[in-house]
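J.: Could you work out the structure for the sequence below:
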Amino acid sequence: MREYKVVVLGSGGVGKSALTVQFVTGTFIEKYDPTIEDFYRKEIEVDSSPSVLEILDTAGTEQFASMRDLYIRNGQGFILVYSLGCLMMR
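T.: Next up is the predicted model:
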(Lines give C-alpha, C1' and ligand atoms only; values in the text may rest on other atoms or scores of the structure.)
Protein backbone atom coordinates (compact mmCIF):
# COMPACT_ATOMS: atom_id res chain seq x y z
CA MET A 1 0.00 0.00 0.00
CA ARG A 2 1.44 3.38 -0.99
CA GLU A 3 1.95 5.95 1.79
CA TYR A 4 2.01 9.72 1.46
CA LYS A 5 3.52 11.98 4.14
CA VAL A 6 1.48 15.18 4.51
CA VAL A 7 2.49 18.03 6.82
CA VAL A 8 -0.05 20.59 8.10
CA LEU A 9 1.64 23.95 8.76
CA GLY A 10 0.44 27.33 10.03
CA SER A 11 0.47 29.74 12.96
CA GLY A 12 -0.99 28.83 16.33
CA GLY A 13 -4.76 29.02 16.68
CA VAL A 14 -5.63 29.05 12.96
CA GLY A 15 -7.39 25.66 12.95
CA LYS A 16 -4.78 23.13 11.80
CA SER A 17 -5.90 20.49 14.30
CA ALA A 18 -9.60 21.19 13.76
CA LEU A 19 -9.25 20.70 10.00
CA THR A 20 -7.08 17.60 10.38
CA VAL A 21 -9.36 15.88 12.91
CA GLN A 22 -12.44 16.78 10.83
CA PHE A 23 -10.84 15.14 7.77
CA VAL A 24 -9.59 12.02 9.59
CA THR A 25 -12.50 11.30 11.97
CA GLY A 26 -15.40 13.44 10.77
CA THR A 27 -15.54 15.19 14.16
CA PHE A 28 -15.11 18.96 14.51
CA ILE A 29 -13.11 20.20 17.51
CA GLU A 30 -14.39 23.55 18.77
CA LYS A 31 -12.10 23.99 21.79
CA TYR A 32 -8.59 25.34 21.20
CA ASP A 33 -5.90 23.08 22.65
CA PRO A 34 -2.39 23.98 21.44
CA THR A 35 -0.65 21.12 19.63
CA ILE A 36 3.01 20.22 19.96
CA GLU A 37 2.84 17.47 17.34
CA ASP A 38 0.07 15.01 16.48
CA PHE A 39 0.22 12.19 13.94
CA TYR A 40 -2.77 10.72 12.10
CA ARG A 41 -3.25 7.98 9.49
CA LYS A 42 -6.13 7.81 7.04
CA GLU A 43 -6.76 5.24 4.35
CA ILE A 44 -7.78 6.75 1.03
CA GLU A 45 -7.93 5.74 -2.63
CA VAL A 46 -5.51 7.26 -5.17
CA ASP A 47 -5.89 6.31 -8.84
CA SER A 48 -8.12 3.38 -7.80
CA SER A 49 -5.41 2.01 -5.48
CA PRO A 50 -5.62 1.89 -1.68
CA SER A 51 -3.20 4.33 -0.07
CA VAL A 52 -2.47 5.79 3.34
CA LEU A 53 -2.04 9.42 4.27
CA GLU A 54 0.35 9.94 7.17
CA ILE A 55 -0.65 13.39 8.41
CA LEU A 56 1.59 15.37 10.74
CA ASP A 57 -0.28 18.17 12.56
CA THR A 58 2.48 20.56 13.63
CA ALA A 59 2.88 23.12 16.40
CA GLY A 60 2.11 26.66 15.31
CA THR A 61 3.98 28.49 18.04
CA GLU A 62 7.39 30.08 17.58
CA GLN A 63 8.67 27.91 20.45
CA PHE A 64 8.75 24.93 18.04
CA ALA A 65 9.83 26.81 14.89
CA SER A 66 13.17 24.97 14.85
CA MET A 67 11.33 21.72 14.10
CA ARG A 68 9.82 23.17 10.89
CA ASP A 69 12.90 22.36 8.78
CA LEU A 70 12.66 18.70 9.78
CA TYR A 71 8.93 18.59 8.94
CA ILE A 72 9.57 20.14 5.53
CA ARG A 73 12.48 17.82 4.73
CA ASN A 74 10.44 14.71 5.53
CA GLY A 75 7.10 15.73 4.03
CA GLN A 76 5.87 14.87 0.55
CA GLY A 77 2.85 17.16 0.58
CA PHE A 78 1.95 20.24 2.57
CA ILE A 79 -1.22 21.97 3.69
CA LEU A 80 -0.80 25.59 4.75
CA VAL A 81 -3.53 26.83 7.10
CA TYR A 82 -4.05 30.50 7.90
CA SER A 83 -6.69 32.79 9.33
CA LEU A 84 -8.29 35.41 7.09
CA GLY A 85 -9.16 37.31 10.27
CA CYS A 86 -5.48 37.72 11.11
CA LEU A 87 -4.71 38.93 7.58
CA MET A 88 -7.50 41.51 7.70
CA MET A 89 -6.25 42.97 10.99
CA ARG A 90 -2.91 43.98 9.46
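J.: I'd like the distance between residue 56 and residue 26.
T.: Between residue 56 and residue 26 the computed distance is 20 Å (C-beta to C-beta, to the nearest Å). Where C-beta positions appear, they are placed from N, C-alpha and C, glycine not excepted.
J.: So these two - more neighbours on which side?
T.: When residue 56 is set against residue 26 and neighbours are counted by other C-beta atoms under 10 Å, the residue ahead is residue 56, at 18 against 7.
J.: Now do the host helix or strand of the more buried one: distance to the chain's middle.
T.: The secondary structure element spanning residue 56 is strand 49-58 (assigned by DSSP states H and E). Centroid displacement of strand 49-58 relative to its chain, using C-alpha atoms, centre = their mean, to the nearest Å, is 10 Å.
J.: One more: stretch 5-18?
T.: Its chain's C-alpha centre lies 4 Å from the corresponding centre of stretch 5-18 when counted by C-alpha atoms, centre = their mean.
J.: and the angle for the lengthiest helix in the chain with strand 49-58?
T.: As far as residue count goes, and with DSSP state H defining each element, the longest helix of the chain is helix 16-25. Comparing the axes of helix 16-25 and strand 49-58 via axes from the mean of the first three to the mean of the last three C-alpha atoms, to 10 degrees yields an angle of 160 degrees.
J.: list the helices and strands helix 16-25 packs on?
T.: The elements that helix 16-25 packs onto, with contact taken as 3 or more C-beta pairs under 8 Å, 6 or more residues apart in numbering; DSSP states H and E, are strand 2-9, strand 37-46, strand 49-58.
J.: out of the ones you listed, nearest to residue 75?
T.: Ranking the helices and strands packed on helix 16-25 by proximity to residue 75 (C-beta to C-beta) places strand 2-9 first, at 3.7 Å.
J.: following the strand holding residue 56, which helix or strand comes up?
T.: Where DSSP H and E defines the elements, the next helix or strand beyond strand 49-58 is helix 68-74.
J.: by contact count, what packs against that next one?
T.: Secondary-structure packing of helix 68-74 (3+ C-beta pairs under 8 Å, 6+ apart): strand 2-9, strand 49-58.
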